[in-house]
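Asker: got a sequence here, can you model it:
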Amino acid sequence: MDGGLDSTAPDAGPTDAARDAGPGIDAAPDAGTPCPVTFYLHPTGDDALDGSTPALAVATLGRVQELVTQAAPTCDVEVRIHQGTYLGQTVVWTWHAPGVSVKLMPVDYHGGGIGSIAGRPVFDGQGASYFFRVAVTSGAYTNIELIYLQVEHYVAYAVHFAGNRNDFAQGWNGGNRVFGCLFQDLGNLTNGGGTGYAGIDFVNSRENVIRNNHSVRLENGASAALIHGIY
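Answerer: Reported below is the predicted structural model:
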């Protein structure tokens, strides 16, 4: 079940080809066309670099957002993430542009299923509150796509689409997609203080697609009933 609790192997479940193949990736542009704009992330990368090639990979998604903001692209962005473990990262994502998507995905992902990649990159929060928060409250399609990532050891949530709960008409974000991700060992039972709420948490966010994700061991000690796969 999409986003539901699955205590079996994380890739068990429906085998429908259209469902498991993952969202498509646009064909390579013609020679000379600078789209999509691509940045590379590596566990041993260096945030002093510009992320433009695998050899110049940066270390944090925070740095990726700085680079995207500087580039101000008018076509889609791909964030190619090398497999490995990224420790303690917390991202408040605010950049967006009309009609532009930002895809965060494994470096070797080209539209196939889980068997087509070497594995999910792992973001280990080491007890941080959250991993990725889309903090846009301007009534905008943010078009963020998270594809085949593993997020673990965060307390409150893995991904938070954070619109303005007090301005339903104008304070939303939307058009986001989460596909094939594994959320595990979230909440305060494993990670200490605070309260766990969800693998994916929505506040005034609309027209999103959440498919083929798996939530494993999302558990609170105190306030046990407050945590969900999708909230």
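Asker: what sits against the residue nearest to the spatial centre of the chain?
Answerer: A centroid search over the chain (C-alpha atoms, centre = their mean) returns L146, at 3.5 Å, as the residue closest to the centre. Applying C-beta atoms under 8 Å, 6 or more residues apart in numbering, we find L146 in contact with 104-105, 132, 159, 177-179, 181. Where you see a C-beta, it was placed from the backbone N, CA and C, and this is true even at glycine.
Asker: so it: helix, strand or coil?
Answerer: Classification of L146 using DSSP: H, G, I helix; E, B strand; the rest coil returns strand.
Asker: number of nearby residues for the nearest residue to it once chain neighbours are set aside?
Answerer: In this structure, L146 finds its nearest non-sequential neighbour in V178, 4.8 Å apart by C-beta to C-beta, 6 or more residues apart in numbering. When counting by other C-beta atoms under 10 Å, one arrives at 27 neighbours for V178.
Asker: secondary structure class for V178?
Answerer: V178 ends up strand, using three-state DSSP.
Asker: which of the contacts of L146 lies at the shortest distance from G88?
Answerer: F132 (13.2 Å; C-beta to C-beta).
Asker: ok, that closest one to Q170 distance?
Answerer: Applying C-beta to C-beta, to the nearest Å, the value for F132 to Q170 is 23 Å.
Asker: which one's more surrounded, the two?
Answerer: Set side by side, F132 and Q170 show more neighbours around F132, with 24 against 11, by other C-beta under 10 Å.
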